[in-house]
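Enquirer: below is the sequence, then the predicted model.
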Amino acid sequence: MCGICGIATTNGAVDRTRLEAMSGTLVHRGPDSAGISLQEGAGLAARRLAIIDLETGDQPIANEDGTLHVVQNGEIYNYADLRRELERAGHRFRTHGDTEVLVHAYEEWGDSFPQRLRGMFAIAIWDAPRRRLVLARDPYGIKPLYYRATGAELAFASELRALPRGDVDLEALDCYLAFNFVPAPYSIFRGTRKLEPGHVLAWESGETTLSRYTQIGPPRAADVRRDEEAELVEELRARLRDSVRAHLVSDVPVGVLLSGGVDSGALAALAAQESSEPLRTFSIGFEESSFSELADARQVAELYGTRHRELVLRPDAALLLPALADAFDEPFADSSALPTYLVSQLAAQDIKVALSGEGGDELFGGYYTYVADLLAERAGGLARLARPIVDRLPSSDRRVPLEYKAKRFVRGAHLPPLERHHAWKEIFSDAARAELTGRAGSIRPLTVLERPYAAGEGAELLTRLQYVDLSVHLVDDLLAKTDRASMAHSLEARVPFLDPAVTAFAFGLPTRHKVRHLGKKLLLRKAVEPLLPRSVVHGRKRGFSIPAAAWLRGELEPFARETLSAATLGRQGFFRPEAVERLIDAHVGRREDLSRQLWGLIAFTLWHERHVEGVSRGVRLEEIVA
């Protein structure tokens, strides 16, 4: 695991001082060592968090004759098998880790080499004879990679902070206001882009080409699995075990971020069974009982005898938001980033690597939105008739309460499938964004979802919508959250659900094995029943969500009003102060749960202060944890 960056140019040599400065911004991603390779026309740099091959694995790494140089952020779990294959083909190795495999894989298979990799990765290879830079990102988008091409030069980095900043991209801002994150290929700065998952970028003589080397997509409805349920259950458990075993490859101890739900519980159970030493597990909870899963997490920890540690957050935990604005160098407003940041900090005190359960919901049908998608097929028209009554229900402080779900459902159930799926989760609608910003939107954020939806044509409806979530929401929300929050503390987070052994199986399942009536994750729950306590297998989903609605009506209301003051908003120039004040008043007055909208505005405002205006706020961690 590393932070990587580099520059390719047609204008001679790369400035070493500039490259070192870029690398220095990524020290949190790799505090163990730093390396730079300067060639005519290019420079590569890496900050290393030593996980595999502790002695000889420093980067950059070259091939035998020094004509190819590579840096990577991530882990290649099948590197030993690839190494043996490449050695049989005549390639010679000097190190014992996974990074050197990449230069030889490129020599052997060209730009298609990422197809052979099992793992999470963002890779850069400088091909000196061709004066060619190649960038590649893993099929799931687990590891980030930004780039900025300006004709004679291309610069890239694991994080936005290492690249030159431009003006705020208003199209990216519109997307942010719709999703509470900035989806690929956009970045918040005009002229800088994210390399999309499953893509290779080649830069040569100032020309950039993008190509997709793989696409994880759902099968057609006629091709879903028809096996007996019992056979599928056994196969799924075996595939999960295989993936966990692969993700435990490490020369340092590996732990689990244990939320108390089915996904992380299954990973903890399987990892404990595969580990020769007691597994380390880490959990976080809240004083509000409807949000806390600590009791379930403790059950799993006790069942497997793990070395378990936990934290309890108090309502003033959101005072940590300025620290999150620093860790997330792009606006990001998934409130679960707060507990993820803190549980990562807790874990990093003991370990360098942790397994995390991202991907389980998207693959196996874990969201209530999927229940709503199927219910709307039958009752969408009737739901619209109930809207005048439902809209008058008062807002609750509980986690995703019934009235919140009901309001979302009746407002979107009559729409076409993709539009209503977006409506379940949309933050600011087109009209709300116009009211907030005082300008017409420059993009329809729904277009970001239309491409993966079209790619799933012919598949079952639910599977198409799951693929949309896997391609957008998972990549730029959940995986971005886990990467930034963990790497802020130099912790590598691995996600075993996002592995070919698991994803190919999951996409092949028919809808009835994922969501039926109000039941979710049906096959996955059956597969892990022998591994986990019944209360965990069949309990309510909470994850790392926080009680933001209650906090913003209570202890955090002054913080919200101060952060979103008319003076601050006027200085930054993006949002109309009177519109924001109306949002705060409506939320505090319980007319509507607008916590997601307010959290997004707070996160953007703090990000702008930190990364554009250069304002830094401090926080004392002992004030927010018990």
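Expert: Alright, I've got the coordinates.

Enquirer: ok, now which ones touch the residue nearest in space to the middle of the chain?
Expert: Centroid-nearest residue in the chain, with Cα atoms, centre = their mean: L479, separated by 1.2 Å. By Cβ atoms under 8 Å, 6 or more residues apart in numbering, the residues touching L479 are 140-142, 358, 495. Backbone N, C-alpha and C define where each C-beta goes, glycine included.

Enquirer: can you check the pLDDT for it?
Expert: What the model reports as pLDDT for L479 is 98.

Enquirer: pretty sure it is in a strand, no?
Expert: No. Looking at L479 with DSSP: H, G, I helix; E, B strand; the rest coil, it is helix, so not inside a strand.

Enquirer: I figured H308 hits T281, correct?
Expert: Yes. Between H308 and T281 a contact is recorded at 4.8 Å, counting by Cβ atoms under 8 Å.

Enquirer: overlap in contacts, these two.
Expert: By Cβ under 8 Å, 6+ apart, the residues touching both H308 and T281 are 258, 297, 301.

Enquirer: quick one: which of those is most hemmed in?
Expert: Highest neighbour count within the shared contacts of H308 and T281, by other Cβ atoms under 10 Å: L258, with 33 neighbours.

Enquirer: pLDDT score assigned to that one?
Expert: 95.

Enquirer: that one reaches R280, doesn't it?
Expert: No. Applying Cβ under 8 Å, one finds L258 not in contact with R280, separated by 9.7 Å.

Enquirer: need the overlap of contacts for these two.
Expert: With Cβ under 8 Å, 6+ apart as the test, L258 and R280 both reach 306, 308.

Enquirer: name the nearest residue to T95, sequence neighbours excluded.
Expert: T56 (4.2 Å; Cβ to Cβ, 6 or more residues apart in numbering).

Enquirer: and if you look at A105?
Expert: F113 (4.1 Å).

Enquirer: what do you get for R83?
Expert: V101 (5.4 Å).

Enquirer: helix or strand right after the helix or strand where that neighbour lies?
Expert: Applying DSSP states H and E as the criterion places V101 in helix 99-109. Per DSSP H and E, helix 99-109 leads on to strand 119-127 as the next helix or strand towards the C-terminus.

Enquirer: who does that following strand pair up with?
Expert: Using DSSP bridges, strand 119-127 pairs in its sheet with strand 68-76 (antiparallel), strand 132-137 (antiparallel).

Enquirer: where in the stretch 1-150 of the chain is pLDDT low?
Expert: 1 (pLDDT under 70).

Enquirer: whoops, the stretch 251-400 of the chain was the one
Expert: 288-292, 314-318, 380-400.

Enquirer: check the stretch 501-626 of the chain too.
Expert: Looking at the stretch 501-626 of the chain by pLDDT under 70, you get 541-545, 618-626.

Enquirer: what about 80?
Expert: 539-546, 616-626 (pLDDT under 80).

Enquirer: any idea how far L321 lies from V615?
Expert: 13 Å (Cβ to Cβ, to the nearest Å).

Enquirer: the more surrounded of these two?
Expert: L321 (25 against 13).

Enquirer: you'd agree that one is in a strand?
Expert: No. According to three-state DSSP, L321 belongs to no strand; its state is helix.

Enquirer: excluding its backbone neighbours, what's nearest it?
Expert: According to Cβ to Cβ, 6+ apart, the nearest residue to L321 is L606 (5.7 Å).

Enquirer: and that neighbour, how many neighbours does it have?
Expert: Other residues close to L606 by other Cβ under 10 Å number 22.

Enquirer: A325 is in contact with that one, correct?
Expert: Yes. Using Cβ under 8 Å, L606 is in contact with A325, at 4.0 Å.

Enquirer: who touches both of those two?
Expert: Contacts common to L606 and A325, judged by Cβ under 8 Å, 6+ apart, are absent.

Enquirer: just checking: what are the partner strands of the helix or strand where T281 lies?
Expert: Element membership for T281 (DSSP H and E) is strand 280-286. Partners of strand 280-286 in the sheet, by DSSP bridges, are strand 254-257 (parallel), strand 307-313 (parallel).

Enquirer: give the next helix or strand downstream of it.
Expert: Strand 280-286 is succeeded, C-terminally, by helix 294-304 (DSSP H and E).

Enquirer: does anything pack onto that following helix? Which helices or strands?
Expert: Using 3 or more Cβ pairs under 8 Å, 6 or more residues apart in numbering; DSSP states H and E, the elements in contact with helix 294-304 are helix 262-274, strand 280-286, strand 307-313, helix 534-537.

Enquirer: I'd like those laid out as CSV, including mean neighbour count.
Expert: Shown next, in CSV, are the helices and strands packed on helix 294-304 (neighbours: other Cβ atoms under 10 Å):
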stretch, mean neighbour count
helix 262-274, 25
strand 280-286, 27
strand 307-313, 19
helix 534-537, 17
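
Enquirer: A46 is nearest to which of the ones you listed?
Expert: Nearest of the helices and strands packed on helix 294-304 to A46, taken as Cβ to Cβ: strand 280-286 at 27.0 Å.

Enquirer: by how many degrees do that closest one and helix 294-304 diverge?
Expert: Relative orientation of strand 280-286 versus helix 294-304 (axes from the mean of the first three to the mean of the last three Cα atoms, to 10 degrees): 160 degrees.

Enquirer: CA atoms only for strand 280-286, dumped as CSV, please.
Expert: Output in CSV follows, covering the C-alpha atoms of strand 280-286 (Å, rounded to 0.1, in the frame of the first residue of the first chain):
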residue,chain,number,x,y,z
ARG,A,280,-7.8,-8.2,16.1
THR,A,281,-11.2,-6.5,15.7
PHE,A,282,-12.2,-2.9,16.1
SER,A,283,-15.7,-1.3,16.6
ILE,A,284,-17.3,2.0,17.1
GLY,A,285,-20.7,2.9,18.7
PHE,A,286,-22.9,5.7,19.7
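
Enquirer: oh, and call the first residue 520 from now on, that's how I've got it
Expert: In the new numbering, first residue 520, that becomes strand 799-805.

Enquirer: residues touching that strand, excluding its own?
Expert: Strand 799-805 is contacted from outside by 772, 774-779, 787, 810-813, 816-817, 819-820, 825-832, 858, 861-862, 865-866, 869-870, 873, 1063, 1065-1066, using Cβ under 8 Å, 6+ apart.

Enquirer: on that earlier part again, need the contacts of L998 in a markdown table (columns: neighbour count, secondary structure and distance to V533).
Expert: Listed next are the contacts of L998 as a markdown table, based on neighbours: other Cβ atoms under 10 Å; DSSP: H, G, I helix; E, B strand; the rest coil; distance: Cβ to Cβ, whole Å:
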| residue | neighbour count | secondary structure | distance to V533 |
| --- | --- | --- | --- |
| Y659 | 23 | coil | 31 |
| G660 | 27 | coil | 28 |
| I661 | 27 | coil | 28 |
| E877 | 25 | coil | 35 |
| V1014 | 25 | coil | 34 |
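
Enquirer: out of those residues, flag the one nearest to P935.
Expert: Proximity to P935 was ranked across the contacts of L998 by Cβ to Cβ; first place goes to G660, at 26.5 Å.
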